[in-house]
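A.B. asks: Based on what follows, work out the 3D shape:
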Amino acid sequence: MIETIKKSMKGMILYTIIMLVIGIILAVNPGTSIDIMNMFIAVIAMLIGGYFVYDYIRTPRENKLLSFSLAFGIVLIGIGLFIFVNPTALTKLVVKLVGIVLIVKAIYKLQIALNIRKISKAWKYNLLVALLTLTMGLIMIIYPDGTVEWFLRLIGIIIALGAIGELIESAYVMGTIKEIKEAITDDSKVIPFEEK
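C.D. replies: Just a heads-up that it's a prediction; the model follows:
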């Protein structure tokens, strides 16, 4: 049983170290991380597109009339190639879309604030949220690269801190396992137990 726990803990420690490395990379160099993710998405899109084209080629002639595999495959390959050549394009598009969504939400919140200002004191809260959301949306549209890098850097720091905490916890657990193993092998030792 102890050996099973030790193996499990070693696997957990390895996973935590990998997460720590990912967190550090995201925090230190988010730009490269974005490019790698976009390249990965581009390759996946091209592979899926290639599969659809292959599927169209091997489809019997009588079934090709209603098949969209060729068109869908070519579109996916085109999107993949475009992202591969221009890896920041996908990121900018996604960030700008999120920015537009935030602006629409901010306008809705602003409308609510104006509608309830004479009947509720909560309109100030709605107005503040609307202005903050509108500002964030505009920043994302005007400056998409910086927004993504800042966000990824923050995620990287959170992942790295979480991984450090898990490594400390794992080290403590491994020490406890060693004490339990020594206590089991030595019958004269009594495992200390404190009631909490």
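A.B. asks: can we go C-alpha only for contacts and neighbour counts from here?
C.D. replies: Fine.
A.B. asks: Contacts only, for residue 21.
C.D. replies: Contact analysis of residue 21 by CA atoms under 8 Å, 6 or more residues apart in numbering lists residue 160.
A.B. asks: Point me to the helix or strand that includes it.
C.D. replies: According to DSSP states H and E, residue 21 maps onto helix 2-28.
A.B. asks: Please apply the same query to residue 101.
C.D. replies: Assessed by DSSP H and E, residue 101 sits inside helix 88-116.
A.B. asks: tell me which strands and helices the helix or strand that comes right after that helix is in contact with?
C.D. replies: Next along the chain after helix 88-116, taking DSSP H and E as the criterion, comes helix 123-142. Contact analysis of helix 123-142 by 3 or more CA pairs under 8 Å, 6 or more residues apart in numbering; DSSP states H and E lists helix 88-116 as its packing neighbours.
A.B. asks: mind listing what's buried in the helix it packs on?
C.D. replies: By 16 or more other CA atoms under 10 Å, the buried positions in helix 88-116 come out as 88-92, 95-96, 98-100, 102-107, 109-110, 112-113.
A.B. asks: what's the angle from it to helix 123-142?
C.D. replies: Per axes from the mean of the first three to the mean of the last three CA atoms, to 10 degrees, the angle that helix 88-116 makes with helix 123-142 is 160 degrees.
A.B. asks: avg pLDDT for helix 88-116?
C.D. replies: Mean pLDDT, computed over helix 88-116, is 84.
A.B. asks: now do stretch 37-56
C.D. replies: Per-residue pLDDT over stretch 37-56 has a mean of 88.
A.B. asks: Could you do stretch 166-181 as well?
C.D. replies: Stretch 166-181 carries an average pLDDT of 73.
A.B. asks: What strand or helix carries the spatially most central residue of the chain?
C.D. replies: By CA atoms, centre = their mean, the mean C-alpha position of the chain lies nearest to residue 155, the distance being 8.1 Å. Assigned by DSSP H and E, residue 155 belongs to helix 144-185.
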